[in-house]
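K.L.:
Provide a 3D model corresponding to the input given below.
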Amino acid sequence: MLSGAFALAGLILAGCGDDGEPVDGAQTGDPTGAAVGEAFAHIHGLGMVEDVLYVATHNGLFAIWPDGKASAASSDDHDFMGFTVADTGELLASGHPNSRTDLPPDLGLLASSDSGATWDELSLSGEVDFHTLDAKGGAVYGYDSGSGELLTSTDRENWTSLGQIPLADVAIKPDEAATLLLTTEQGPQLSSDGGRTFAPIDSAPVIMLAEWPHADEIYGIAPDGAVHVSGDGGATWDERAAIGGRPQAMTVTHDGSVYAALADSIVASTDGGETFEPFYSW
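P.N.:
Model (predicted):
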């Protein structure tokens with residue numbers, strides 16, 4: 001079990017509660033929908049697709065459109081715990097169903113190829129609740145909150161356990177799916193053999209969330225909200241701005257824009273984390 005500030009931050013990532021009801025004013029798939037307010041109380045993931053920011057929450061997946069308005073991405077208002085945008089643009093998620101379905105308590109791996117409007121059950125339904133996911137180069141890595149295991153798959157159906165590893169986040173190196181970074185209480189750890197072995201990164205800061213958008217460029221956010229960036233694959237790190245509180249989720253786009261979720265807002269940086277401005281509040 002994680003302890004201290006890192007564990008407290010992790011509880012926000014992992015937390016889930018009672019099944020929610022549909023959110024008033026959030027019109028499914030309609031960019032004219034109203035701000036969603038309470039639906040953003042627990043954010044578990046962020047991802048950008050074609051200038052639309054997707055927000056995975058306890059009450060479903062939402063889209064924040066370029067005009068600043070938000071709407072529900074679909075009527076499937078599940079508790080989306082693990083969430084990522086694969087390098088193919090497809091959405092992957094996990095978590096728990098809402099109370100109006102007959103789905104099992106753990107959703108396994110879900111995929112959506114229509115911006116979250118509908119979801120396909122791929123594997124591990126009723127068996128696994130992923131609390132973090134990343135998918136690049138045909139590989140998927142996910143942390144099973146129930147068993148504490150890091151799992152990997154190359155076909156999204158058959159899975160291999162890489163062992164029990166206490167972690168908060170996983171990030172895959174672009175175009176090199178066998179290289180990945182884990183965030184742990186002791187600091188980030190790196191694997192170059194598909195997660196079979198890991199080694200700590202000397203002198204790296206303790207980060208809770210990580211994104212690996214380019215070959216040698218890694219972004220991380222510490223439990224206290226400080227942003228750290230490495231331009232050499234994790235060998236050295238620069239501390240940049242702070243996001244103003246404990247992070248709930250983050251994503252980094254290919255152009256270096258950083259989006260981070262706090263308890264009551266999402267902030268954004270267009271200069272690689274040097275400065276942050278309010279993006280969406282509730």
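K.L.:
wouldn't residue 188 be in contact with residue 203 here?
P.N.:
No. Taking contacts as CB atoms under 8 Å, residue 188 lies outside contact range of residue 203: 10.8 Å. Any C-beta I mention is one placed from the backbone N, CA and C, and that applies to glycine too.
K.L.:
give me the more crowded residue out of the two.
P.N.:
For residue 188 and residue 203, the more surrounded residue by other CB atoms under 10 Å is residue 188, and the numbers stand at 26 against 10.
K.L.:
return the distance of the more buried one relative to residue 148.
P.N.:
For residue 188, the distance to residue 148 (CB to CB, to the nearest Å) stands at 18 Å.
K.L.:
give me the residue at the spatial middle of this structure.
P.N.:
Geometric centre of the chain, nearest residue: residue 45, 3.6 Å, by CA atoms, centre = their mean.
K.L.:
and that residue, what element?
P.N.:
strand 43-49 (DSSP states H and E).
K.L.:
and what of residue 204?
P.N.:
Assigned by DSSP H and E, residue 204 falls outside every helix and strand.
K.L.:
any idea of the pLDDT on it?
P.N.:
pLDDT, residue 204: 96.
K.L.:
residues in contact with it?
P.N.:
Going by CB atoms under 8 Å, 6 or more residues apart in numbering, residue 204 touches 187, 188, 230, 234, 237.
K.L.:
for it, give its distance to residue 230.
P.N.:
8 Å.
K.L.:
can you check which residues contact both of these two?
P.N.:
residue 237.
K.L.:
residue 226 touches residue 246, doesn't it?
P.N.:
No. The pair residue 226 / residue 246 is not scored as a contact, 10.8 Å apart, by CB under 8 Å.
K.L.:
now residue 267, nearest residue through space, not along the chain?
P.N.:
Among residues not flanking residue 267 along the chain, residue 276 sits closest, at 4.4 Å (CB to CB, 6 or more residues apart in numbering).
K.L.:
should've said residue 235
P.N.:
Once flanking residues are discounted, residue 235 sits nearest to residue 201: 7.5 Å by CB to CB, 6+ apart.
K.L.:
that older thread, assign the residue lying closest to the residue nearest to the centre of the chain once chain neighbours are set aside to helix, strand or coil.
P.N.:
Once flanking residues are discounted, residue 45 sits nearest to residue 83: 3.0 Å by CB to CB, 6+ apart. Assigned by DSSP: H, G, I helix; E, B strand; the rest coil, the conformation of residue 83 is strand.
K.L.:
which residues touch residue 83?
P.N.:
44, 45, 46, 47, 54, 56, 61, 91, 92, 93, 94, 133.
K.L.:
between the contacts of residue 204, which has the most around it?
P.N.:
Neighbour counts for the contacts of residue 204, by other CB under 10 Å, peak at residue 188, which reaches 26 neighbours.
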